[in-house]
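J.: here is a sequence together with a model predicted from it:
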Amino acid sequence: MSHVIRYRVTGMDCPSCAAKIEKAVRSAGVDEVTISTATQILALDLGLDDARLPAVERAIGEAGYHLDRIAAATGDRIGDVAPHTTAAYRRALWIVIVLNVGYGVIEMVGGFLTGSQALKADALDFLGDGLITFLGVLAIGWSLLWRARSALVQGVFLAVLGLGVTGNTLWRVFSQQPIEAGLMGVLAFIALAVNISAALVLIPHRAGDSNVRAVWLFSRNDAIGNAAVVVAAGMVAVTGSGWPDLIVAFAIAGLFLHSAWVIIRDARRDIADARRH
């Protein structure tokens, strides 16, 4: 007999996060698992064996994520207000949105001014993080169908941006225009500072050690991208070649396009599921 338990997941913002959560669930002995990066919802089919839930929740917490169980009576809505949906936390999220989207736009402009494709690709990461957080704020209390529709629009928009940067990078392979390595490095260092600032804003509002760890995991991952751009800027300055910039740009844009594709895939599946029910 099917018995589906659903959770809202806090801290999941990319396909690699979803993969880690699914691995944690399976390590707790549950194989029937569905997780959506589009709506941040985890569904477990436990049959009649709810005894495995504590092990699942513990495994996901140890992986660095926070769960809020969705009450069956509310369908796909959360009945009780969780700590991360308080007014103070919403304000913190809005600060993060402004930091990510605002600097994403600045870094994109900087990418055009310096001729750096890596900066443009890194700007996509900022814009993507900001838009995902924005969707999370708006979607609190929304139905699954509307969250999925919003995620689909977001995924398409991000994919278009990613394709634009990829296409422009391919064009730069043949044109090899000069790059302002100094300004490129400065903007990448500022990007690192923005990522750390966003983490500091969120930490006081995270419920539990696992969520504090999650914030730093995401900041670390973003910082790796920033560091790659800094390294690329140094190599461009030393070698006088634009290839380091192009290689980093392809790597970041490729990862970004993969994330956009997963969001679109999950959103379409969630829309189909919501319409069936």
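T.: Structure's in. What do you need?
J.: going by C-alpha atoms from here, please, whenever you check contacts or count neighbours.
T.: Fine.
J.: contacting residues for the residue nearest to residue 253 when sequence neighbours are not counted?
T.: Of all residues not flanking residue 253 in the chain, residue 121 sits nearest, at 5.3 Å (Cα to Cα, 6 or more residues apart in numbering). Residue 121 makes contact with 162, 165, 249-250, 252-253, according to Cα atoms under 8 Å, 6 or more residues apart in numbering.
J.: please report how far residue 121 lies from residue 242.
T.: 15 Å (Cα to Cα, to the nearest Å).
J.: which residues of the stretch 151-277 of the chain fall in helices?
T.: Remark: helices assigned in the stretch 151-277 of the chain by DSSP state H, counting those that start in this stretch are 181-202, 209-239, 243-276.
J.: so which of those helices is nearest residue 128?
T.: helix 243-276 (8.3 Å; Cα to Cα).
J.: give me the low-pLDDT residue ranges for the stretch 51-200 of the chain?
T.: Where the stretch 51-200 of the chain drops to pLDDT under 70, the residues are 71-86, 136, 139-142.
J.: one more time with 90
T.: For the stretch 51-200 of the chain, applying pLDDT under 90 flags the ranges 51-97, 120-122, 124-162, 164-169, 171-179, 192-193, 195-200.
J.: using PDB, write out every CA atom in stretch 36-53.
T.: Extracted C-alpha coordinates of stretch 36-53, given in PDB (Å, rounded to 0.1, in the frame of the first residue of the first chain):
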ATOM      1  CA  SER A  36      12.500  18.100  -7.100                       C
ATOM      2  CA  THR A  37      15.000  21.000  -7.400                       C
ATOM      3  CA  ALA A  38      12.200  23.000  -8.900                       C
ATOM      4  CA  THR A  39       9.900  23.100  -5.900                       C
ATOM      5  CA  GLN A  40      12.300  21.900  -3.200                       C
ATOM      6  CA  ILE A  41      10.000  19.100  -2.200                       C
ATOM      7  CA  LEU A  42      11.100  15.600  -1.100                       C
ATOM      8  CA  ALA A  43       8.500  12.700  -1.400                       C
ATOM      9  CA  LEU A  44       9.100   9.300   0.300                       C
ATOM     10  CA  ASP A  45       6.900   6.300  -0.300                       C
ATOM     11  CA  LEU A  46       7.300   4.200   2.800                       C
ATOM     12  CA  GLY A  47       4.300   1.900   2.400                       C
ATOM     13  CA  LEU A  48       3.100   1.500   6.000                       C
ATOM     14  CA  ASP A  49       6.500   1.600   7.600                       C
ATOM     15  CA  ASP A  50       6.900   5.000   9.100                       C
ATOM     16  CA  ALA A  51       9.600   3.700  11.500                       C
ATOM     17  CA  ARG A  52      12.200   4.600   9.000                       C
ATOM     18  CA  LEU A  53      11.400   8.300   9.100                       C
END
